[in-house]
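>>> predicted model follows, preceded by the sequence.
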Amino acid sequence: MIRIKAGVPRRPRPRPRTRRPLRRALALGLPTVWGAIAITYKLACPLAQQNSLGARIVTSAVFFAVGTGLIVQVRRSLLRELRQIRQIAGAAQSALLRPLPPRLDGLNIAAAQLSAERGAVVGGDLYEVIATEHGVRVVMGDVRGHGIAAIGTVAAVLGSFREAAHDEPDLAGVLHRLDRALARHLRERARAEHPASGSLDPDSPVAEEFVTVLLLEIGRDGEIRALNCGHPWPYLLSEGGVRPVACADPLPPLGPFPLPTELPSVRCGQLVPGEALFLYTDGAEDARDGRGRFFPLAEVLAETAAQHPLPVPQSVLGSVFTALLRHTGGTPTDDVALLVLRNDRRPAPTPSGARGTAHPATTRPQPTTHL
């Protein structure tokens, strides 16, 4: 970690380049030394040529020590390589599913993800929040499968959304861009896995891949517009309690079926100041305990709302994840992603008799804090 003082940041000291050749020499030299010791003892030591019980015990002890040294050296090398691989994978995963700012265009944001695959930071769930000239646009998705295998599809969908969110004037255009990006990714993946086919074979396992996607657009007045492709609708948290934002029947997931040409966005009411939206993937509702009972997400949210009339995004995430891990015994079988957006906007007072345009106050994005 680089510590930054007030003023000029301190640059990390470069590591000497001689360390890498030294480590390589030790990695190759130590096993050779251990092997040379064993061979020298066997061929040159008179004790090794004797057949008495004491000589056999000494010989066994020598070879046991040599074998232990080789095992320890190999284990250290493997652990060092594993740490390096995890550091590289963690950096790549953080760049893919980058941390969200805690405040964006008047919205308080908190998000976190729990991967079902041990050692993975990013699984098959995706989310992103971007402030655009069209409003704050949000994507929440779930790729079929979980863990490392789904990262490629997550990258294709997120990369397309980050560009389309700024370019497209309506959500329908954004969704069509995501659909085309996913189709290209699946064709390239099928071509890489089956070069002889040259196209996406309907019988290929890649052809069965799909992604559920929820697109939201929150305007400056709090109006919510949405397009839903097979994803769970979010919950609305307010002082009055918790209720699902079920605007309409969702469209089929992206992938197996073509999108309709006309995609009018669905109006889902307004997110007034103090209210929050709770977005999630189906791994939260489908989580089961030892008796096979599903996780009661709506009840947990209701209890959280009763304890905190004004929903705090970080507290909501903490309560839900704590209850979820307790319900599953700490071992969820599917990826879980949660995202909470609270409207902290305050309308600027307009002087009586004055006419003009009020400019919305914006907040500079800052790194968010994850659970």
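Received the coordinates, thanks.
>>> give me the secondary structure label for L339.
Secondary structure assignment for L339 (DSSP: H, G, I helix; E, B strand; the rest coil): strand.
>>> that one touches L279, doesn't it?
Yes. Contact between L339 and L279 holds when scored by CB atoms under 8 Å: they sit 4.2 Å apart. (C-beta placed from N, C-alpha, C; glycine too.)
>>> mutual contacts of those two, please.
Applying CB atoms under 8 Å, 6 or more residues apart in numbering, one finds that L339 and L279 are jointly contacted by 127, 138, 140.
>>> more neighbours, L339 and L279?
Ranked by neighbour count (other CB atoms under 10 Å), L339 and L279 place L339 first, with 27 against 23.
>>> which residues touch the more buried one?
The contact partners of L339, taken as CB under 8 Å, 6+ apart, are 100, 109-111, 127, 129, 138, 140, 278-280.
>>> ok, what's across the strand from it?
Note on L339: beta-bridge partners A111, L279, judged by DSSP bridges.
>>> before we move on, the earlier item: so which of the shared contacts of L339 and L279 sit within helices?
Residues of the shared contacts of L339 and L279 located in helices (DSSP state H): none.
>>> returning to what we had before: quick check, nearest of the contacts of L339 to E208?
Nearest to E208 among those: M140, at 21.9 Å, using CB to CB.
>>> what's the local residue count around that closest one?
Around M140 there are 25 residues (other CB under 10 Å).
>>> likewise L53?
Neighbour count for L53, taken as other CB under 10 Å: 8.
>>> and what of I151?
With other CB under 10 Å as criterion, I151 counts 21.
>>> correct me, but it touches S115?
No. Under the criterion of CB under 8 Å, I151 makes no contact with S115, lying 10.2 Å away.
>>> report the mean per-residue pLDDT for the longest helix anywhere in the chain.
Longest helix of the chain, by residue count under DSSP H: helix 53-96. The average pLDDT for helix 53-96 rounds to 74.
>>> which strands and helices sit next to that helix?
helix 19-44, helix 151-167 (3 or more CB pairs under 8 Å, 6 or more residues apart in numbering; DSSP states H and E).
>>> can you list the strands that the following helix or strand past it pairs with?
Next helix or strand after helix 53-96 toward the C-terminus (DSSP states H and E): strand 103-104. The pairing partners recorded for strand 103-104 under DSSP bridges are strand 107-114 (antiparallel).
>>> okay, the angle between the strand it pairs with and helix 53-96?
150 degrees (axes from the mean of the first three to the mean of the last three CA atoms, to 10 degrees).
>>> run a quick neighbour tally on L104.
Neighbourhood size, L104 [other CB under 10 Å]: 20.
>>> excluding its backbone neighbours, what's nearest it?
A131 (5.3 Å; CB to CB, 6 or more residues apart in numbering).
>>> backbone dihedrals for the one you found, both of them.
When read as degrees, to the nearest 10, the backbone of A131 gives phi -90, psi 120.
>>> these two touch, right, it and G106?
No. Look at A131 against G106 with CB under 8 Å: they stay out of range, at 9.3 Å.
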